[in-house]
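>>> Quick one, structure for this:
(chains A and B)
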Amino acid sequence: MPYINQHTREIRCKIVYYGPGLGGKTTNLEYIHRRSAEEARGNLVSLTTAQDRTLYFDFMPLSLGKIRGYDAKFQLYTVPGQVVYEQSRKLILGNVDGVVFVADSQTARMDANLESLDSLRVNLAEQGKSLHTVPCVMQWNKRDLPRIATVEELSGLLNPHDLPEFEAVASEGTGVFDSLKAVAKRVLTKLKRGE
Amino acid sequence: MLGINHFILSESDAKAFEAIAHQLVAEALGKAAFILDQDGQILAASGELQGLDTTSLATLAAGNAAATGAMASILRERAFTTQYHEGQSSNIHMQLVGERVLLLVVFDHRSSLGLVRLRARRAEQKILDLLESMDLQSSDLPKGMPEITDEDIDRLFND
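Numbering: from 1, shown residues only, chains lettered A, B, ... in the order given. Below you'll find the model as predicted:
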């Protein structure tokens, strides 16, 4: 649910990075944080386990600039990818404005991708939302690794709705900002229309 | 305006929330007070805010409240409405206001939990009254931001 503050002239939207464990969601945020101007970004907050896996969420605020005199701020969250943290994913997905689904391109991770996408569908449905109504983009991450599925295979398996999709190597930044810009643009377009 | 596709906080409502936060800090002898929505958006903040990462604090408070609400649900409680965190020099009192707003008071040795809770309950009623009046006015507010053009959005993403 975008938040518009007429007093401080701010628009704030919530983007959630969703996907299977170890798929690169946190790596996306770390790259965005590293490469954004200091004045545009806030702190990157990570709530992690002792093994440095995401326990609850990662969070960072990012200002994209002015639009009609309003500061367009995006609050970027990741969900924990491990299957056991389903309840946390539901909480973080609450009132989401846009989703980047970070899929792991490795063929061995296809079941995990499918399971995570199914969890996303179910958790959106609990809010009365779907992949049709919430702006969403697909990111095929880890394109630099051996034994990966082709883009056609990933599209066929994970993107039946023909959502915008991006190849990525999040550790190097490839595709990271393309995915963010695409989802942010769709969120603002939806806001403009009052949908 | 809460509870629809987007949430518009008007200039006058923002000032009304600020006045409540300001009065709460003064009367509770607190260091700072925050009025947040359930997603951690800051509706108002007052007090000693310099040097504080208020955005992260608000987000973590909202995450905390959401997790606490989920625990309540597992125990078949409607909600746990208050939380207290005690530190060596700072303490936090958190209170749910209705189902959509969170009140956070940071205080130190200059105040006490009893006083903070008392003043927070008074602020709670004022916030509920304000939320009610916002709901009544909500139909007068515009849907979306039709003044934004596609060109504005494109311009934002031009490198």
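>>> buried set for the top strand by length along chain A?
Of all segments of type strand in chain A, defined using DSSP state E, the longest is strand A:54-67. Neighbour-count burial for strand A:54-67 flags A:T54, A:L55, A:Y56, A:F57, A:D58, A:F59, A:M60, A:P61, A:L62, A:S63, A:L64, A:I67 (criterion: 16 or more other Cβ atoms under 10 Å in any protein chain shown). Yep, even glycine has a C-beta here, placed from its N, CA and C like the rest.
>>> now the strands for chain B?
B:7-9, B:32-37, B:42-47, B:82-86, B:91-97, B:101-107.
>>> How about chain A?
According to DSSP E, chain A carries its strands in the segments A:3-5, A:10-18, A:45-48, A:54-67, A:70-78, A:98-104, A:136-141, A:165-167.
>>> Given the fifth one, what are its sheet partners and their directions?
Within its sheet, and counting by DSSP bridges, strand A:70-78 is paired with strand A:10-18 (parallel), strand A:54-67 (antiparallel).
>>> what's that strand in contact with?
A:4, A:8-17, A:25-26, A:28-29, A:32, A:54, A:57-66, A:92, A:180, A:184, A:187-188, B:40, B:59, B:145, B:156 (Cβ atoms under 8 Å, 6 or more residues apart in numbering or on different chains).
>>> Just the CA trace of that strand, in PDB.
Listed next in PDB are the C-alpha coordinates belonging to strand A:70-78 (Å, rounded to 0.1, in the frame of the first residue of the first chain):
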ATOM      1  CA  TYR A  70       7.400  14.300  -4.100                       C
ATOM      2  CA  ASP A  71      10.400  12.400  -2.900                       C
ATOM      3  CA  ALA A  72      10.000   8.800  -4.200                       C
ATOM      4  CA  LYS A  73      11.300   6.500  -1.500                       C
ATOM      5  CA  PHE A  74      11.300   2.700  -1.800                       C
ATOM      6  CA  GLN A  75      11.700   0.400   1.100                       C
ATOM      7  CA  LEU A  76      13.400  -2.700   0.000                       C
ATOM      8  CA  TYR A  77      12.900  -5.900   2.000                       C
ATOM      9  CA  THR A  78      14.000  -9.500   1.600                       C
END
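>>> the inter-axis angle of that strand versus strand A:98-104?
Computed with axes from the mean of the first three to the mean of the last three Cα atoms, to 10 degrees, the direction of strand A:70-78 lies at 40 degrees from that of strand A:98-104.
>>> got the buried residues for strand A:70-78?
Of all the residues in strand A:70-78, those buried under the rule 16+ other Cβ under 10 Å are A:Y70, A:A72, A:K73, A:F74, A:Q75, A:L76, A:Y77, A:T78.
>>> From these, pick the one nearest A:S46.
A:T78 (8.6 Å; Cβ to Cβ).
>>> how near is the closest one to chain B?
Counting by Cβ to the nearest Cβ, to the nearest Å, the gap from A:T78 to chain B is 12 Å.
>>> mind checking how far that residue is from B:A123?
In this view, A:T78 and B:A123 are 34 Å apart by Cβ to Cβ, to the nearest Å.
>>> give the contact list for residue 103.
Went with chain A since none was named. Applying Cβ under 8 Å, 6+ apart, we find A:A103 in contact with A:19-20, A:23, A:109, A:113, A:116-117, A:138-141, A:154, A:158.
>>> actually chain B
Listed by Cβ under 8 Å, 6+ apart, the contact partners of B:L103 are B:24, B:33-36, B:94-97, B:120, B:123-124, B:127.
>>> so what does the top helix by length along chain A touch, helix or strand wise?
For chain A, the helix with the greatest residue count under DSSP state H is helix A:176-193. Here helix A:176-193 touches strand A:10-18, helix A:25-35, strand A:70-78, strand A:98-104, strand A:136-141, strand A:165-167, helix B:150-156, going by 3 or more Cβ pairs under 8 Å, 6 or more residues apart in numbering or on different chains; DSSP states H and E.
>>> Can you name the residues of chain B sitting close to chain A?
Residues of chain B lying close to chain A (Cβ under 8 Å from any Cβ of the partner chain) are B:4-11, B:14-15, B:37-41, B:53, B:55-56, B:59-60, B:63, B:66-67, B:70, B:142-150, B:152-157.
>>> Of those, just the buried ones, ChimeraX syntax please.
Only the buried entries of the residues of chain B next to chain A go into this ChimeraX selection, using 16+ other Cβ under 10 Å:
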select /B:6,7,8,9,10,14,37,38,39,40,41,55,56,59,60,63,66,144,145,148,152,153,156
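>>> A:R53 reaches A:V84, doesn't it?
No: using Cβ atoms under 8 Å as the test, A:R53 is too far from A:V84 to be in contact (10.6 Å).
>>> circling back: worst mean pLDDT among the strands paired with strand A:70-78?
Here the lowest mean pLDDT among the strands paired with strand A:70-78 goes to strand A:54-67, at a mean of 91.
>>> Show the average pLDDT along stretch A:163-170.
Mean predicted lDDT for stretch A:163-170 stands at 98.
>>> same thing with stretch A:87-94?
For stretch A:87-94, the mean per-residue pLDDT is 92.
>>> can I get the CA coordinates of that stretch in PDB?
What follows is stretch A:87-94, C-alpha atoms only, in PDB (Å, rounded to 0.1, in the frame of the first residue of the first chain):
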ATOM      1  CA  GLN A  87       5.400 -17.300   8.900                       C
ATOM      2  CA  SER A  88       8.000 -14.600   8.600                       C
ATOM      3  CA  ARG A  89       7.500 -14.400   4.900                       C
ATOM      4  CA  LYS A  90       3.800 -13.800   5.300                       C
ATOM      5  CA  LEU A  91       4.400 -10.900   7.700                       C
ATOM      6  CA  ILE A  92       7.000  -9.200   5.500                       C
ATOM      7  CA  LEU A  93       4.800  -9.600   2.500                       C
ATOM      8  CA  GLY A  94       2.000  -7.700   4.200                       C
END
